[in-house]
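Engineer: Sharing a sequence plus its predicted fold:
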Amino acid sequence: MALRIEDGGGTGRQVQVTDEFQLKVVSENHELQHHESLTNGEAYQVIGDFAAVNNSTHAVLHLKNDDTTKLLVVSFIRVQLLNVSGGTALPDPGNRFEIGFGRTVSSGGTAVTPVNMNTTSGNTASVTATDNNPTMAGTFTEFDRWYPDSGESMMTFNKQGSLILGQDDTLEVRVVSDHTAGTAYARVTFMMI
């Protein structure tokens, strides 16, 4: 007795068997963020900046996952320091971006809205995003950093979905600078899964 496997849609398509008696399959390989954007409409980007760097530490972008059922999964973080003046020539150990967990917004800052990368999905992220140097509370736990160079280049951190925030967890990108002027910029690409 022969076994016949057909699709369930009534098209009559059947599974093929190779000369080595294996089922013939086709696989597709693409990044997780593409899959989430295409399949579920849950890939987002959010941009934050602070245009008044002034010899201190400034929160450039802060994210808090407000969703009760979904994880905020980060795939990329991008940072850049532009138009600095006064202070030490770059690169310099005292001037850096720090990325970390743990702090919360106590006051101030500006609310920014994450943008869905699948514009037809209609989904919005249940995330509180704040830029423009809000007042922060709590302890900052740093897990990554970057020292800007004099060419004002942009640095991209590829987290490949390994950076995961549960409900009420936070992520902060901040700049530490001894410059008296400049603009710090950060972008986070994330999925709600």
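Structural biologist: Thanks, I have the structure now.
Engineer: which residues of this structure fall in strands?
Structural biologist: 43-50, 56-65, 72-85, 96-101, 104-107, 110-112, 115-116, 127-131, 135-137, 141-146, 154-165, 170-177, 181-192 (DSSP state E).
Engineer: can you list contacts of the fifth one?
Structural biologist: It stands for strand 104-107. Ala59, His62, Lys64, Thr128, Thr130, Pro134, Thr135, Met136, Ala137, Gly138, Thr170 (CB atoms under 8 Å, 6 or more residues apart in numbering). No exception for glycine: its C-beta is placed from N, CA and C like everyone else's.
Engineer: Give me the distance between the fourth one and Val17.
Structural biologist: Between Thr128 and Val17 the computed distance is 54 Å (CB to CB, to the nearest Å).
Engineer: between these two, which one's more packed in?
Structural biologist: Thr128 (16 against 11; other CB atoms under 10 Å).
Engineer: Generate a ChimeraX selection restricted to the buried subset of the contacts of strand 104-107.
Structural biologist: Here is the ChimeraX selection string for the buried members of those, based on 16 or more other CB atoms under 10 Å:
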select :59,62,64,128,130,134,136,170
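Engineer: and the strands of the chain, which one is worst for confidence?
Structural biologist: Ranked on mean pLDDT, the bottom entry among these is strand 154-165, at a mean of 93.
Engineer: Residues touching it, excluding its own?
Structural biologist: 32-33, 63, 65, 71-80, 97, 99, 144, 146, 148, 171, 191.
Engineer: CA atoms only: put that strand into PDB for me.
Structural biologist: Output in PDB follows, covering the C-alpha atoms of strand 154-165 (Å, rounded to 0.1, in the frame of the first residue of the first chain):
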ATOM      1  CA  MET A 154      27.700  55.800  13.500                       C
ATOM      2  CA  MET A 155      28.100  52.500  15.500                       C
ATOM      3  CA  THR A 156      25.600  49.700  15.100                       C
ATOM      4  CA  PHE A 157      25.300  47.000  17.800                       C
ATOM      5  CA  ASN A 158      23.800  43.800  16.300                       C
ATOM      6  CA  LYS A 159      22.100  42.000  19.200                       C
ATOM      7  CA  GLN A 160      20.400  39.400  16.900                       C
ATOM      8  CA  GLY A 161      17.400  39.200  19.200                       C
ATOM      9  CA  SER A 162      19.500  38.200  22.300                       C
ATOM     10  CA  LEU A 163      18.500  41.400  24.200                       C
ATOM     11  CA  ILE A 164      15.100  40.700  25.800                       C
ATOM     12  CA  LEU A 165      12.900  42.900  28.000                       C
END
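Engineer: Paired strands for that strand, with orientation please.
Structural biologist: Each strand paired with strand 154-165, and its direction, by DSSP bridges: strand 72-85 (antiparallel).
Engineer: what's the burial count for Gly10?
Structural biologist: 7.
Engineer: pLDDT score assigned to it?
Structural biologist: With respect to pLDDT, Gly10 scores 77.
Engineer: what separates it from Val26, distance-wise?
Structural biologist: With CB to CB as the criterion, Gly10 and Val26 are 21 Å apart.
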